[in-house]
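Enquirer: Mind folding the following:
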Amino acid sequence: MRFLFVSEYYPPMHMGGAEISLKLLVEGLAELGHDVTVLTPNYSSPSTSVERMEHLRVIRFKSPRRLLFRERARKASSEAYRGNRPLFYLQLGQYIRFSSAELMRRTMELLRREDFDVVHANNLESILAVSQIETNALKVAHLRDFALLCWNRGLNKGGTLCPGCSAEQVRECMGARLTAPLLSYQIHRRRAVLENFDVLIAISEFVKGQFMRRLGMKSSNINVLYNPVGDRVLSNLSKDEARRLLGLPEDGKVVLFAGTLSEMKGAHLVLRLAERLPEYLFVVVGTGPLRSAFESSRLPNLLYVGYKPIETLRHYYRASDVLVVPSLWHEPFGRVVVEGLANGSFVIGSNRGAIPEVIRWAGGGVVVEPEVESIGRAVESYFDSPVSVERARRRVLKYSEEYSLRFTRLMR
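Expert: Predicted coordinates for the structure are as follows:
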């Protein structure tokens, strides 16, 4: 089959897990012998470039977007969506419209020259773009978050699920007054675009359920395909070797937190856990708004190492006994869960979003309320009676190996 993947970002330029999963998918399809093309803006050069590999072509088209992203391979994280200022979201809406129009124009130009069997939209802007294109190819939309439903992309309202961006909710969430009806109208216009796709793929049952409930969609209209992990995430060291490499005590009881240091990710709970459980070593990898609290901590059993690239983070996964994922917000998937399991960490995850779903699917973990007492008891319980995660690790790896093949089976 001939696949065209339209994406607003593609590694080395990426926002997060969506682009990581896309790269694994297209490379897997190419290995299966499919003819794969990726169409994406060029953020590193003021010209169009084409990268060619066996069965895979990446077209990075000339785009004024690069002026907004000066730093090469920049990780434009969800911090861009964290503010609650109405003016920011109005400007963001203008940028999204410009971006989707540019992606639509470039996609149509390519479709006039070449034929494809499948055209895939990877995220919000590409979904808005491809939805407006008439083609004989199968049109596929990947639902990776809630950007079609919510301005902050997470349906997050102080750790609870927001009912949606009605004018009233916009006023409450953003402090908007005069602009609330306009912001509400703009977000509701996005919802209709999914009717223009032949195949919809959600990254979890949780995401699928939210779209079904909020848009009145049938279960049969949305497929679920979990995100994979790639070889780059996997440590090639034993636990002892990883600990020696990282300077961690070989006989210590190591609990890892990896991610954004924010309250929505539950990072503040880790500080309290370390204070409550002095017999365990809490290793924290990441950066974010709460970084100074970790940098200034004098707790002897708290080791803050800052941000680490995945080439190093994977060894922290391998070196840890337990990975805590205490998110307060409702994660659409929770990539850190499968990355930890793939490296042999037992996962203690919060009862939020898709985290429970992924842990129960893979095994190798427990689900708790994101509270110090609950997480603390789970940590103590694990070390009192350690549980092997080998079966869960093999399941995650096998699923990841079959990811591209599973994707092709959805193309009907």
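
Enquirer: gap between the two ends of stretch 153-166?
Expert: Across its full length, stretch 153-166 reaches 15 Å between end residues, using C-alpha to C-alpha, to the nearest Å.

Enquirer: Let's test this: mean pLDDT of that stretch, rounded?
Expert: Averaging pLDDT along stretch 153-166 gives 73.

Enquirer: which ones are touching residue 400?
Expert: For residue 400, the contacting residues are 24, 228-230, 342, by C-beta atoms under 8 Å, 6 or more residues apart in numbering. For glycine as for every other residue, the C-beta is placed from the backbone atoms N, C-alpha and C.

Enquirer: Helices - which of these land there?
Expert: 24, 342 (DSSP state H).

Enquirer: Domains of the chain: list them as residue ranges, please.
Expert: 2-225, 232-398 (automatic domain parsing).

Enquirer: Which of those sits closest to residue 409?
Expert: When these are compared by C-beta to C-beta, domain 2-225 sits nearest residue 409, at 9.3 Å.

Enquirer: rewinding a little: mind giving me the ChimeraX select for the contacts of residue 400, buried ones only?
Expert: Here is the ChimeraX command that picks out the buried ones among these, judged by 16 or more other C-beta atoms under 10 Å:
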select :24,228,229,230,342
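
Enquirer: hey, where'd the helices end up in the stretch 101-250 of the chain?
Expert: 124-130, 167-174, 180-190, 205-215, 239-246 (DSSP state H, counting those that start in this stretch).

Enquirer: Rebuild those helices as a markdown table, extending it with mean neighbour count.
Expert: Formatted as a markdown table, these follow (neighbours: other C-beta atoms under 10 Å):
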| stretch | mean neighbour count |
| --- | --- |
| helix 124-130 | 25 |
| helix 167-174 | 18 |
| helix 180-190 | 17 |
| helix 205-215 | 18 |
| helix 239-246 | 17 |
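
Enquirer: Turn the ones you listed into JSON lines, including distance to residue 274.
Expert: Compiled in JSON lines, the helices of the stretch 101-250 of the chain are given as follows (distance: least, C-beta to C-beta, whole Å):
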{"stretch": "helix 124-130", "distance to residue 274": "37"}
{"stretch": "helix 167-174", "distance to residue 274": "32"}
{"stretch": "helix 180-190", "distance to residue 274": "40"}
{"stretch": "helix 205-215", "distance to residue 274": "30"}
{"stretch": "helix 239-246", "distance to residue 274": "18"}
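
Enquirer: re earlier: out of the domains of the chain, which gets nearest to residue 408?
Expert: In terms of C-beta to C-beta, the element of those nearest to residue 408 is domain 2-225, at 7.2 Å.

Enquirer: Where does the prediction get shaky in the protein?
Expert: In the predicted model, the chain carries pLDDT under 70 at residues 15, 69-86, 158-159, 172, 174-178, 183, 185-186.

Enquirer: Give me the nearest residue to residue 305, chain neighbours excluded.
Expert: In space, and not counting its chain neighbours, residue 305 is closest to residue 285: 5.6 Å by C-beta to C-beta, 6 or more residues apart in numbering.

Enquirer: ok, the one you found - contacts?
Expert: Residue 285 touches 256-259, 305-308, 313, 316, counting by C-beta under 8 Å, 6+ apart.

Enquirer: Please check those residues and keep the buried ones.
Expert: The neighbour count (16+ other C-beta under 10 Å) marks 256-259, 308, 313, 316 as buried among these.

Enquirer: Now secondary structure too, for the residues you listed, in JSON lines please.
Expert: As requested, the buried ones among the contacts of residue 285 are exported to JSON lines (DSSP: H, G, I helix; E, B strand; the rest coil):
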{"residue": "256", "secondary structure": "strand"}
{"residue": "257", "secondary structure": "strand"}
{"residue": "258", "secondary structure": "strand"}
{"residue": "259", "secondary structure": "coil"}
{"residue": "308", "secondary structure": "coil"}
{"residue": "313", "secondary structure": "helix"}
{"residue": "316", "secondary structure": "helix"}
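
Enquirer: Many thanks, I have nothing further to ask.
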